[in-house]
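J.: need coordinates for the following:
(one chain, ligands or ions: 2)
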Amino acid sequence: MRHLVIALTACVLAVGGAEDLEWWQRTVLYQVYPRSFKDSDGDGMGDLQGIIEKMDHIKDAGADAFWMSPIFTSPGVDSGYDISNYTEIDPMFGTMEDFEDLIYKANELDLKVLLDLVPNHVSNESEWFVKSVQRIEPYTNYFVWADPKYDENGTRLPPNNWLSYFGGSAWEWREERQQYYLHQFVVQQPDLNYRYKPVAEEIKGVMRFWLDKGVHGFRVDAVSCLYEDRRLRDEPPSGQNGTAPDQEGSLSHVYTHNQPGNYELIHQWREVVDEYTRQDGVARILITEGDSGLNYTFKYYGPKTRPGAHLNFNLFLFQVLYKDADAFAYNETINTWLEHKPDHCWPNWLVGNHDNARVATRAGQALVDAVNAVLLWLPGTAITYNGEEIGMNNTHVSWNQTVDPPGRRAGPQNYSSFSRDPERTPFQWDNSTSAGFSSSNDTWLPVNSNYKQLNLQQQQEASESHYKVYKQLVAERKSKTLQKGKTIAEAVTKEVFALVRELDGEDTYILAVNLGNETTRTDLTASIPSLPTSAAVVVASVGSGFIRGEILNTTEISIPSKGFVGLKGSPMKSHSASFSSSPSSSESWKALFFFFKRWDSAPTVTRCADGHACTES
Ligand code: NOJ
Ligand code: MG
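T.: Ligands and ions are numbered 1, 2, ... in the order given. The predicted structure follows:
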């Protein structure tokens, strides 16, 4: 019933004003996963020269900026998220000169480069940690150290019940120091102690180092975890069914996530990027990976008067990436986020990253174009994970080939439910050796066996392809309407989801997706009466049979199963649509963290308890 109410209520949100938008508001932001983008020297591992070699592709896809997962010196336990030196390039990826070449090439192509800043933790091999274990100043208090507890038999126990994101206690004993240290992720990733003020200053130094090298900002990792409860109180059970007691999902993270200090820290780091923005007027930005549940996500943007991140990743679209998601699910998911967004927060959307299964695997290959269409025509910044523009699939990775820590920890029987390796396999460039990723057959993760049919070159040459659809969708984004127009997201029927963008005096953009299993004929004007009655096809899904330029009647559109059509029509008739608030969704959509539902059933994870991260259901 609730769905029906929402379906019938048009939601209109104004985005942007008359002023020109900043580059980061207009852009498609592309995520490069450096290990898997392009290997230039044949060692089976991606590298910076590889990124330089293939950078034209990022531009060709229509992105104006890209961010890269960590490229810094690291033992590689968590694929580079365990950094031992923040201001050095890992030799595996190349040298500082290679990095400078990369910035040079990016400038030539007018692409902005963002780095991954990982401030919550470092590698246990970093000098900071090694010295902290030995209580060598100034590092003694750089980490979260705590004394043990003892049970009645005198057995030593961790200070409290906190659990690591990757399973088991979040505390590790160090004999030398006779104390435990906190690690919210793997044992090799000790959490930094932000209650000790010099630590935040160190991170500012790291930011300035890279800003001076010419980057335009940072994607900031795991900011939900920056501060922890000063009193180290036990966390209460989450009550989530089916979660083993040593899995972090069994606890409600009221003392380890979203602590008030986090937002203040982001504000301080924002001031650093703003210093650079003020120098030449070109925005340097922060994109945080904070909790994207409704209760916290907008807090990472900060209040208007004390800004934090420019964007906090919005993972809401992950909720509809399952095979039988219907138009009501799309409608509720999108409108819920838009309705709760404070005016000063700029929208952003993503459908893939290196922590979650790929769209083609979760939602099905048939829906790849439609999902990209929704992503790219929603208001705000669109973020694409490398490979999603060609509809890459998750790759089968055997137990022996598995490297991701949560996968390894789960063991040979269960690793596939936890490992993130399948979405991290090499980019499929062409049908040559290792999909053109490497001259070697021996790559760090296996190449998907479908690469001969599914690769960029094939899609560039084919008369129609996911890539061509993607590019067309991005090209249309340059229009004023898609940049600044109002948004109406609507479930026209259970099967048909419509997204309409409208701007005074400008063409109206209409996207209609058929999520059902059969071809459906629909009258879009039945639920959106202000639509023009005819409009021209500008883009449509592969195999849908629509012809660009063809004029369709919006009262009678026939769309094949899982297909979409994107139309452009004259400005809308004066409409009666109004703001609306979804009646009851806000309470149930609380915490969304970086791991999300991996497979293709309905997203029970969207109903998880307050503060609790959503992993497997
Ligand atoms: C989020 C990153 O996206 C993920 O890959 C990593 O394992 C954790 N943060 C820890 O840094
Ligand atoms: Mg922390």
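J.: could you check how many residues crowd around Lys452?
T.: By the criterion of other C-beta atoms under 10 Å, Lys452 has 13 neighbours. From N, CA and C alone the C-beta is placed, and that goes for glycine too.
J.: and the pLDDT at it?
T.: The per-residue pLDDT reported for Lys452 equals 98.
J.: pLDDT value on the closest residue to it other than its chain neighbours, please?
T.: Sequence neighbours aside, Asn431 is the residue nearest to Lys452 in space, at 4.6 Å (criterion: C-beta to C-beta, 6 or more residues apart in numbering). pLDDT, Asn431: 98.
J.: what sits against Asn431?
T.: By C-beta atoms under 8 Å, 6 or more residues apart in numbering, the residues touching Asn431 are 451-452, 455, 457-458.
J.: do the same with Ala170
T.: 158, 162-164, 182-184, 256.
J.: of those residues, which belong to strands?
T.: Cross-referencing those against strands under DSSP state E gives Leu182.
J.: could I get the contacts of Ala170 as TSV with distance to Val272?
T.: Conversion of these to TSV gives the following (distance: C-beta to C-beta, whole Å):
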residue	distance to Val272
Pro158	35
Trp162	30
Leu163	32
Ser164	30
Leu182	25
His183	26
Gln184	24
Thr256	25
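J.: export the contacts of Ala170 as a markdown table, with columns for pLDDT and neighbour count.
T.: As requested, the contacts of Ala170 are arranged in a markdown table below (pLDDT from 0 to 100; neighbours: other C-beta atoms under 10 Å):
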| residue | pLDDT | neighbour count |
| --- | --- | --- |
| Pro158 | 98 | 17 |
| Trp162 | 98 | 23 |
| Leu163 | 98 | 21 |
| Ser164 | 97 | 23 |
| Leu182 | 98 | 27 |
| His183 | 98 | 26 |
| Gln184 | 98 | 25 |
| Thr256 | 98 | 27 |
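J.: what's the closest non-adjacent residue to the closest residue to ligand 2 within the chain?
T.: Among the residues of the chain, Asp191 lies nearest to ligand 2; the distance is 3.8 Å by C-beta to the ion. Among residues not flanking Asp191 along the chain, Leu182 sits closest, at 4.5 Å (C-beta to C-beta, 6+ apart).
J.: show me the beta-bridge partners of that neighbour.
T.: Note on Leu182: beta-bridge partners by DSSP bridges are Trp171.
J.: give the buried residues for stretch 439-451.
T.: 443-448, 451 (16 or more other C-beta atoms under 10 Å).
J.: what bits of the chain have low per-residue confidence?
T.: 1-19, 574-591, 593-617 (pLDDT under 70).
J.: please redo it, this time with the cut-off set to 90
T.: Regions of the chain meeting the criterion pLDDT under 90 cover residues 1-20, 241-242, 571-617.
J.: around ligand 1, pick out the residues from it.
T.: 78, 81, 118, 185, 221-222, 289, 354-355, 594 (C-beta under 6 Å from any ligand atom).
J.: touching, Ala329 and Gln319? I think so.
T.: Yes - using C-beta atoms under 8 Å, Ala329 is in contact with Gln319, at 7.3 Å.
J.: quick check: which element contains Tyr30?
T.: Tyr30 belongs to strand 28-32 when assigned by DSSP states H and E.
J.: name the helices or strands packed onto that strand?
T.: helix 55-61, strand 65-68, strand 381-385 (3 or more C-beta pairs under 8 Å, 6 or more residues apart in numbering; DSSP states H and E).
J.: and the protein, what are its domains?
T.: Taking automatic domain parsing as the domain assignment, the ranges for the chain are 25-119+200-470, 127-182.
J.: distance of the residue of the stretch 351-500 of the chain found nearest ligand 1 relative to Phe418?
T.: Residue of the stretch 351-500 of the chain nearest ligand 1, by C-beta to the nearest ligand atom: Asp355 (4.8 Å). Shown here: Asp355 relative to Phe418, a distance of 11 Å by C-beta to C-beta, to the nearest Å.
J.: still on that earlier bit, kindly provide the distance from the residue nearest to Lys452 to Gln453.
T.: Using C-beta to C-beta, one gets 8 Å for the distance from Asn431 to Gln453.
J.: what residues does the helix or strand harbouring Ile51 touch?
T.: Per DSSP H and E: Ile51 is located in helix 48-53. Under the contact criterion C-beta under 8 Å, 6+ apart, helix 48-53 has outside partners 32, 34, 37-41, 68, 71, 89, 93-94, 98-99, 101-102, 105.
J.: describe which strands whatever helix or strand Lys568 lives in pairs with in its sheet and in which direction.
T.: Of the helices and strands defined by DSSP H and E, Lys568 is found in strand 564-569. Strand pairing for strand 564-569, determined by DSSP bridges: strand 508-514 (antiparallel), strand 534-540 (antiparallel).
J.: contacts only, for the closest residue to ligand 1 within the chain.
T.: With C-beta to the nearest ligand atom as the measure, the residue in the chain that lies nearest ligand 1 is Tyr81; the distance is 3.4 Å. Shown here is Tyr81, whose contacts under the criterion C-beta under 8 Å, 6+ apart are 69-70, 74, 118, 121, 185, 189, 221.
J.: now, which of the residues you listed lie within helices?
T.: When those are checked against helices (DSSP state H), there are no matches.
J.: return the member of these nearest to Leu531.
T.: Sorting these by how near they are to Leu531, with C-beta to C-beta, puts Ser69 at the top with 41.5 Å.
J.: right, I'll leave it there.
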